[in-house]
Structure formats: C-alpha cells, structure tokens
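> Sequence below, structure please.
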Amino acid sequence: MIKADLVNKIAKEMDISKQDAELGVSHFFDIIKEALMCGEEIELRGFGSFRFRKREARSGRNPRTGEPVQVPPKKVLYFKPSKLLKNQINQK
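So this is what the prediction gives:
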C-alpha cells in the first residue's frame, strides 16, 4: 500500500474528500517526522513503536577498494510492532 492508497481508503471510509484525507494523512506523517527529528520515540498503542538504537563506531571495508574505513557511530530508527499487531498478523 502506498500513500495514495491510504488516502483513497480513508476518504472512502470516512466519506470525505480526497483533499481532506490527503491533508490529514500528510499532517499525521509530518507530526511523526517532527517528533523523530527531535529525538522522541513514538508509541501507537495496538500498532507499534518507533524507537532509536545506537550503533557504536566500528571499522569496515570499502567494497570497491577493500581499504579499511572507520564507520562513525549513529542512531538507527527501527519499528517494533505491538504484541496485538503481531498476533493479528500471525492469525492469517
């Protein structure tokens, strides 16, 4: 499913215009992005959570040259589905 499919489904099920549904979906994603950019974790009960993990600095290799390179530490965003969502997915 892509964003346009989500907008169409919301517009149809809520009996609103596609423009209004698009605005709502865009606002929802903008709020999530803003919170993540500020370093906040997001928890949507019954759906899952977006959290950060810290990756330590490590040494790696350049795949083209084989030279060793230092990979800096970074934060990685990951999604953890809720237990309810996992159970619903596994029932199908």
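> any low-confidence regions in this structure?
Low-confidence segments of the chain, defined by pLDDT under 70: 92.
> mind giving me the domain split of it?
Domain segmentation of the chain under automatic domain parsing yields 1-40, 52-92.
> Which elements pack onto the helix or strand hosting Ile31?
Using DSSP states H and E, Ile31 sits in helix 18-37. With contacts taken as 3 or more CB pairs under 8 Å, 6 or more residues apart in numbering; DSSP states H and E, helix 18-37 sits against helix 3-14, strand 42-44. In short, each C-beta sits where N, CA and C put it, glycine included.
> If we use 6 Å, what do you get?
helix 3-14 (3 or more CB pairs under 6 Å, 6 or more residues apart in numbering; DSSP states H and E).
> Return the set of buried residues in the helix it packs on.
7, 10-11 (16 or more other CB atoms under 10 Å).
> ok, those vs Glu22, which is closest?
Val7 (4.9 Å; CB to CB).
> who touches that closest one in this structure?
Neighbouring residues of Val7 by CB atoms under 6 Å, 6 or more residues apart in numbering: 18, 21-22, 25.
> Distance check, it against Phe79.
Using CB to CB, to the nearest Å, we find Val7 at a distance of 21 Å from Phe79.
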